[in-house]
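In: with the sequence up front, the predicted model follows.
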Amino acid sequence: MEAETLNRNGRRTRRGARRGAAVVEFALTAPLFVLFLMAAFEFGWLNVLRHTADNAAYEAARNAMVPGATAAEAKSKADAILNIVGARNAVVTVSPAVIDSSTDKVTVTVDVPMKDNALVVAKFTGKTTLRSSATLRTERAE
């Protein structure tokens, strides 16, 4: 036997009469909550990849600015940093491609496509390519 209570209008209602309403409200709000949660994770992951790409470009340029360094070593350094977070299909470009004693600046560009690096689904960030670049003067004696 269910207990009866008075509602705002002074009418008697049963206590369990709202149980179905709670289920309906949950069914309406839960998908929206999950969508916002997934979007938060996706954009958080985008931020991690952006900072990692920035760091990879800078560290690779630092590696290439010293005398005797090569573009292949700089690319290898950037790839190693990107592999720490598991970035897939990232493109590292070192300019100039051949670093010699007359090179005064080295530029490293890192492109990370988000369609290949989405955490959940590429729905939110799939069309984005993160691009980070670092340019440093070399330490070569003239």
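Out: Structure received. What you are looking at is a predicted structure, and each value in this text was computed from that prediction instead of being measured.
In: after the helix or strand of the chain with the lowest mean pLDDT, next one along is what?
Out: Ranked by mean pLDDT, DSSP states H and E, the weakest helix or strand in the chain is strand 12-14, scoring a mean of 62. Where DSSP states H and E defines the elements, the next helix or strand beyond strand 12-14 is helix 19-64.
In: average model confidence for that following helix?
Out: For helix 19-64, mean pLDDT is 92.
In: quick one: that helix to chain centroid distance?
Out: Chain-centre distance of helix 19-64: 8 Å, with CA atoms, centre = their mean, to the nearest Å.
In: same question for stretch 95-114.
Out: 24 Å.
In: can we start the residue count at 49 from this point?
Out: That works, and once the first residue is 49, the last one we named lands at stretch 143-162.
In: give me the nearest residue to the most centrally placed residue in the chain, chain neighbours excluded.
Out: Nearest to the geometric centre of the chain sits Leu94, at 1.5 Å (CA atoms, centre = their mean). Spatial nearest neighbour of Leu94, chain neighbours left out: Thr173 (5.4 Å); criterion: CB to CB, 6 or more residues apart in numbering. C-beta coordinates here come from the backbone N, C-alpha and C atoms, glycine included.
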